Structure formats: structure tokens, C-alpha cells
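**Q** Have a look at this prediction, sequence included:
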Amino acid sequence: MKLSFDRFQLALARFLLAAGLTGPAFSILAGLKAARSRLCGIDLLRAECRLRQALPFEAREMVKEELRLHPSNEDALTMLGKLELTVSDALAETTPEFLEVLAKVEPYTMLSRRRLHALYQAAIDVCERDEPGNFAECGVAGGGSSALLAYVIKNHSKRKRRLYSFDTFEGMPEPTAADTFGGVDARRSGWADGTCAAPMESVLRAAVELGAEDVILPVKGLFADTLPRMRSEMGPLCLLHLDGDWYESTKDILDNLFDQVIPEGYLQVDDYGHWDGCRKAVHEFEKGRALTFSVNPIDATGVWFRKPVA
Ligand SMILES: C[S@@+](CC[C@H](N)C(=O)[O-])C[C@H]1O[C@@H](n2cnc3c(N)ncnc32)[C@H](O)[C@@H]1O
């Protein structure tokens, strides 16, 4: 019954888009995502809406989401091929090793190349300096950035360490009023609840491609439940990737894990420049602790900083 209703909604969205009514078509698709519908074609049609609105970067991420859920969708594969030719996110300088890893993780990640590169460099740095501690990523989705971090542990760490990868593995939870982008409510942005969905197997599959699955521990559930439960097992952290987009998610990560980051440990915040609520959570925390974070921009949205020494 639900499936046939979802099919009807998808067909209606397709009809509206064909009639040039992109906004109403997109709203129907957002409703299907919020209802966690896994019907083939929803994310592809979201991408078509974004292309009509001249937003090719967003369209590319939506097609990748379609392919994570429906890997054999030929239309999505074709569209991804075309989009890869039009959207480029070139790196100034890098290493052959990074490019090899990038080729493996890109189908599984929403991060830009520059943000992946910054994460890679931070991970390499702590491993080469043999800093103590595990890695944690909060916000895994398809698992590309987790797989990259696991690869660095596996191939560069001089000591035994693990990557803890936290996610609902069922897509974004509901945003709150703090979650806006340039004043536009997250619910109207096309990236609200139910988006970024990928099953836990996706991160393990990405890590298998890099031979690094044995160093990852995926933990499923809301950060508010999983982080307090896992933090004593995790112990000190030398790298924390904050990629939960929302205000409450970012606050939950900082409230639960900041104290475990070692002095001068790395924190990379993926959505700082994009989601107003994410940036607000970072600065509220900084102010509440009377700290100063020396924030280094990576691209239009990602930043990193090192935990100030007390
Ligand atoms: C932008 S995606 C992460 C992208 C990923 N790092 C990559 O490589 O593409 C954000 C993820 O954070 C997760 N998330 C956000 N808030 C969360 C929360 N409070 N608890 C658990 N997961 C959350 C969502 O399920 C989603 O998969």
C-alpha cells in the first residue's frame, strides 16, 4: 500500500517536472525522502530538479545518493558521467597516493576533493608524528571520508588505532529552526531529513576497496545516544571529523567528544561555511569554554583547526 502510494507520488513529481513545475515536484520528492522511501528514481529526479535550477554540484551529490541506494540504475550512471564532465573541483597539489585513494572513495562521498585532501593531510600528520589516540568521524553517509581515514590508519600509523564512524545510517534526522543556509530553512533546501541515506554496509564496502575495513568500527544511531555510550571505549582522539550538518548534531559531537581530543589534535568541520546552525554550534561551544579556535578555511564550507593547548 505504502509502496504504491510512493510510486504514485514519484510519478506525480515526474509529471510536474515535465510540466516545468520544478518547485512543487521537488517538494513531493523531499516528502518521500523524509518518509525514508527507498524507491528507485527518487534521488535521480531530485537531481534533475537541481539541474533545472542550475545547481550541478547539488545534482551530482543527489545522483550519487541514487547510486548508493540503487547501484545498477543505468540512467543515474549516465547522468553522473555527464555531470563529472561539467563540475570540477581541482586540487592545486597532491600526491599520487592521494589520487589513488581519491579514485576509490569519490563514489562514496559528498566531500569536495579539497576537503578530502585536508582530512588526508591531517590524518597523515598525526600518524607520522605518532600522536596517541583514535580517529572519530560523526556523519558517515556513504562512507567515503571514513574509508579514506581508515586507509591512512592502515597504511601510515606507527601504532594500533581505530576509526569510530557514527551515523544513523538511515539519513539525516530532522533539522531545527537553527538549521538554515543563507536564511533559507533546511527543510526548503533539498537536504533535510532522510537525505544522505546509505546503509552501514556502504562504509564497509568503501573500506574493503582500500583494504582497510578491519580498522573501522561503524556505530549506528543518533549521536545523542551513541556518543555518550561509546566515549569511554574510544579513549583519546587525535582526529575528529564533524560532518553532521545540523546545529544539534554538531553540538552533540562537541559536547561529547571535544574533551577527548588531545591538545593540538585535529578537528575538521565539514559544514561550517554552509549551514548556519553548524557554525553557531562551533562558536557557542568556543565561547562557552572561553577558548579561541584558529579556524583555517579549506573551501567555501569546510574548515579545520587544532585543539588549543590549555
Ligand atoms: C553530509 S552527510 C556525511 C557525509 C560523509 N562524511 C561523506 O563522506 O560523504 C551527514 C551524515 O550525518 C548523519 N547525521 C547527522 N546528524 C546526525 C545525528 N544527530 N546522529 C547520527 N547521525 C547524524 C546523517 O545521517 C548523514 O549521513
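**A** Looks like it arrived, so ask away.

**Q** Would you mind naming what in this protein lies close to the ligand?
**A** Applying C-beta under 6 Å from any ligand atom, we find that the chain lies next to the ligand at 109-111, 139-142, 144-145, 167-168, 171-173, 196, 222-223, 243-246, 249, 252. Yep, even glycine has a C-beta here, placed from its N, CA and C like the rest.

**Q** from those residues, which ones fall inside strands?
**A** Taking DSSP state E, the ones among those that sit in strands are D167.

**Q** Any stretches of this protein with poor pLDDT?
**A** 1, 87-90, 92 (pLDDT under 70).

**Q** Domain-wise, how is it divided?
**A** Domains of the chain are assigned by automatic domain parsing as 2-86, 96-306.

**Q** most tightly surrounded among those domains?
**A** domain 96-306 (a mean of 20; mean count of other C-beta atoms under 10 Å).

**Q** so how far is that domain from its chain's centroid?
**A** With C-alpha atoms, centre = their mean, to the nearest Å as the basis, domain 96-306 stands 7 Å off its chain's centre.

**Q** Endpoint to endpoint, that domain covers what distance?
**A** End-to-end distance of domain 96-306: 26 Å, with C-alpha to C-alpha, to the nearest Å as the criterion.

**Q** list the contacts for K158?
**A** Going by C-beta atoms under 8 Å, 6 or more residues apart in numbering, K158 touches C127, D130.

**Q** State the distance from it to A207.
**A** Separation of K158 from A207 (C-beta to C-beta, to the nearest Å) stands at 20 Å.

**Q** now the helices for the stretch 101-250 of the chain?
**A** Ranges of helices in the stretch 101-250 of the chain, per DSSP state H, counting those that start in this stretch, are 113-128, 144-156, 200-209, 223-234, 247-257.

**Q** Make CSV out of the ones you listed and add distance to Q268.
**A** Formatted as CSV, these follow (distance: least, C-beta to C-beta, whole Å):
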stretch, distance to Q268
helix 113-128, 6
helix 144-156, 9
helix 200-209, 17
helix 223-234, 16
helix 247-257, 12
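
**Q** Show me where this protein has its strands.
**A** In the chain, the strands defined using DSSP E lie at 134-138, 163-167, 180-181, 184-185, 216-220, 237-242, 261-269, 296-297, 303-306.

**Q** Against which helices or strands is the fifth one packed?
**A** With contacts defined as 3 or more C-beta pairs under 8 Å, 6 or more residues apart in numbering; DSSP states H and E, the secondary structure elements packing on strand 216-220 are helix 144-156, strand 163-167, helix 200-209, helix 223-234.

**Q** so can I have JSON lines of those showing distance to K287?
**A** Putting these into JSON lines (distance: least, C-beta to C-beta, whole Å) gives the following:
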{"stretch": "helix 144-156", "distance to K287": "28"}
{"stretch": "strand 163-167", "distance to K287": "25"}
{"stretch": "helix 200-209", "distance to K287": "34"}
{"stretch": "helix 223-234", "distance to K287": "21"}
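
**Q** Compare the ones you listed and give me the one nearest S27.
**A** Closest to S27 of the helices and strands packed on strand 216-220 is strand 163-167 (C-beta to C-beta; 26.0 Å).

**Q** so what does the closest one touch, helix or strand wise?
**A** Packing partners of strand 163-167 (3+ C-beta pairs under 8 Å, 6+ apart): strand 134-138, helix 144-156, helix 200-209, strand 216-220, helix 223-234.

**Q** again, 7 Å this time
**A** Applying 3 or more C-beta pairs under 7 Å, 6 or more residues apart in numbering; DSSP states H and E, one finds that strand 163-167 contacts strand 134-138, helix 144-156, strand 216-220, helix 223-234.

**Q** so that strand versus strand 216-220, what angle?
**A** On the basis of axes from the mean of the first three to the mean of the last three C-alpha atoms, to 10 degrees, strand 163-167 is oriented at 20 degrees to strand 216-220.

**Q** partners of strand 163-167 in the sheet?
**A** The pairing partners recorded for strand 163-167 under DSSP bridges are strand 134-138 (parallel), strand 216-220 (parallel).

**Q** now the angle from the last one to helix 200-209?
**A** Computed by the same axes, to 10 degrees, the angle separating strand 216-220 from helix 200-209 equals 170 degrees.

**Q** In PDB, list the C-alpha atoms belonging to strand 216-220.
**A** The C-alpha trace of strand 216-220 is given here as PDB (Å, rounded to 0.1, in the frame of the first residue of the first chain):
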ATOM      1  CA  ILE A 216      36.700   0.800  11.200                       C
ATOM      2  CA  LEU A 217      34.000   0.400  13.800                       C
ATOM      3  CA  PRO A 218      30.700   1.800  12.500                       C
ATOM      4  CA  VAL A 219      28.200   2.700  15.200                       C
ATOM      5  CA  LYS A 220      24.600   3.100  14.300                       C
END
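
**Q** Run through who's touching that strand.
**A** Identification of contacts with strand 216-220 by C-beta atoms under 7 Å, 6 or more residues apart in numbering yields 140, 146, 150, 162-169, 200, 203-204, 207, 226, 230.
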